[in-house]
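Chemist: Predicted coordinates and the sequence they were generated for:
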Amino acid sequence: MSTKTRRQTITGVRPPVWFLIPAIAFYAVIVVVPNLQGYAFSFTDWNGLRPDVSFVGWTNFARVFDDPGTIKALVNTIVFTLGTMVGQNVFGLLLALGCNSLIKSRYVLRLVFFLPVVLTPIVTAFLWSYLLNPQGTINDTLVSMGMGWAQQDWLGDPGLALGSVILASVWQGVGFTMVIYLAALQGVPSDLIEAAALDGAGPVRRLLTVILPLINGAVVINILLTLTGGLKQFDLVFAMTSGGPAESTQTLGFLIYKNAFVNLDYPIAVAQGVVLTLIVAVVAIVQIKVTSRKED
C-alpha cells in the first residue's frame, strides 16, 4: 500500500479537503453565524443594546406586513430591480454586440464602457447627483439645445426620482453585463451567423434564432446577478436621495438601515432583513429553475 493510500485510509479524508477548513470557518464566523443570530433575534424584542431579551413570536413580522412604509419600499424595490435588470441586460447585450464587431476602436470602447464598473457606488451617486441637479449638466444641456421646457428636478420630483436612480445604476452596471455577454459572444461560431445571413436572416432574426440560444448561459448569469443586486440596492439610494422625496426611492435595503440606525427600531429592522433575504433566495431559485429548464 502506497504512502498516499495509507494516509487516506488512516485519516479517512483526502488531504486537499483540509485546506477548505480555514475558508469555511471564516465564512461561518463572518456570514453564517450572524445570519442565524439575526433570524433568532427577529422573534424577540431585543433592541441591540440591553442584555434582557423576550420572545415575541411573529409580532415583528406582523408589524412588517402591517407597515405601509414597508409595502411601499417593497414596490419601489421591485420597480428598481426590474428597471435595472432590463436596462443592464438590454444595453449590455447591445454594447457587447457592437464591441464584438470588427470596428477598429472596439478595444478602446470595451475599456470606456467598463470604466464605470470600477467606480464605487458612492462616487457614482455623487457624479449623477451633480448631473441631475436642477442647475446641473443635464438641464444646462437641454437649455443649450433649445429644450428648456424639458428641464426637470430629476431627484426632487417623486415621479422622476426613482427612474433617475435606476438610470445611474444601469450606467454603472452595464459594463459588467457587457463583459459577460462579450465573453459568450466570442464563443459563438461565425460560420453559423454567416450561414443564417446567407439564408436571408436579418440582424434581429440572427440575434433571436442563432445568437441568443448559444449564449443562454450568459443570459442566465446576468439576469441572476442583476435581479439579486437590484433587490439588495442600498448605496445609490442612500447617497443620491436618502429614500426621498416622499419615500419615492426608499427600497427595502435602505428601509432596513433607516429602522435600525435612524429610528433605532431594531426588532422590525431584523424582521425586514429576514424578509428581504427570503425574497432574494426565492427569486434566485425560481430564476435558476426557469432558465435551466429552458436551457435543457
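Modeler: Noted; the coordinates are in hand. Not measured: the values here are computed from a predicted model. Numbers count the residues shown, from 1 in each chain.
Chemist: Next secondary structure element downstream of the helix or strand bottoming out on mean pLDDT in the chain?
Modeler: Ranked by mean pLDDT, DSSP states H and E, the weakest helix or strand in the chain is helix 3-11, scoring a mean of 50. Next helix or strand after helix 3-11 toward the C-terminus (DSSP states H and E): helix 15-18.
Chemist: Dump that next one to CSV, keeping only the CA atoms.
Modeler: Provided in CSV are the C-alpha atoms of helix 15-18 (Å, rounded to 0.1, in the frame of the first residue of the first chain):
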residue,chain,number,x,y,z
PRO,A,15,-5.6,15.8,2.3
PRO,A,16,-6.8,18.7,-0.1
VAL,A,17,-10.1,18.8,1.8
TRP,A,18,-8.3,20.1,4.9
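Chemist: Which strands and helices lie in contact with it?
Modeler: Contact partners of helix 15-18 among helices and strands, from 3 or more CB pairs under 8 Å, 6 or more residues apart in numbering; DSSP states H and E: none. In short, each C-beta sits where N, CA and C put it, glycine included.
Chemist: Only the C-alpha atoms, please, for stretch 64-74, written as PDB.
Modeler: Extracted C-alpha coordinates of stretch 64-74, given in PDB (Å, rounded to 0.1, in the frame of the first residue of the first chain):
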ATOM      1  CA  VAL A  64     -43.600  44.400   8.800                       C
ATOM      2  CA  PHE A  65     -46.600  43.500   6.700                       C
ATOM      3  CA  ASP A  66     -48.900  46.000   8.500                       C
ATOM      4  CA  ASP A  67     -46.500  48.900   7.900                       C
ATOM      5  CA  PRO A  68     -47.500  50.900   4.800                       C
ATOM      6  CA  GLY A  69     -43.900  52.100   4.500                       C
ATOM      7  CA  THR A  70     -42.600  48.600   4.100                       C
ATOM      8  CA  ILE A  71     -45.100  47.800   1.400                       C
ATOM      9  CA  LYS A  72     -44.200  51.000  -0.500                       C
ATOM     10  CA  ALA A  73     -40.500  50.100  -0.100                       C
ATOM     11  CA  LEU A  74     -41.200  46.700  -1.500                       C
END
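Chemist: Please identify the helix or strand for the residue nearest to the spatial centre of the chain.
Modeler: With distances taken as CA atoms, centre = their mean, the residue of the chain nearest its centroid is residue 229 (1.5 Å). Using DSSP H and E, the element containing residue 229 is helix 216-231.
Chemist: May I see the buried residues of that helix?
Modeler: 218-220, 222-231 (16 or more other CB atoms under 10 Å).
Chemist: helices and strands around it, which ones?
Modeler: In terms of contacts (3+ CB pairs under 8 Å, 6+ apart), helix 216-231 is packed against helix 68-99, helix 161-185, helix 266-295.
Chemist: quick one: the next helix or strand after the first one to helix 68-99, angle?
Modeler: The reference is to helix 68-99. For helix 68-99, the following helix or strand on the C-terminal side (DSSP H and E) is helix 106-118. Helix 106-118 and helix 68-99 are oriented at 160 degrees to each other (axes from the mean of the first three to the mean of the last three CA atoms, to 10 degrees).
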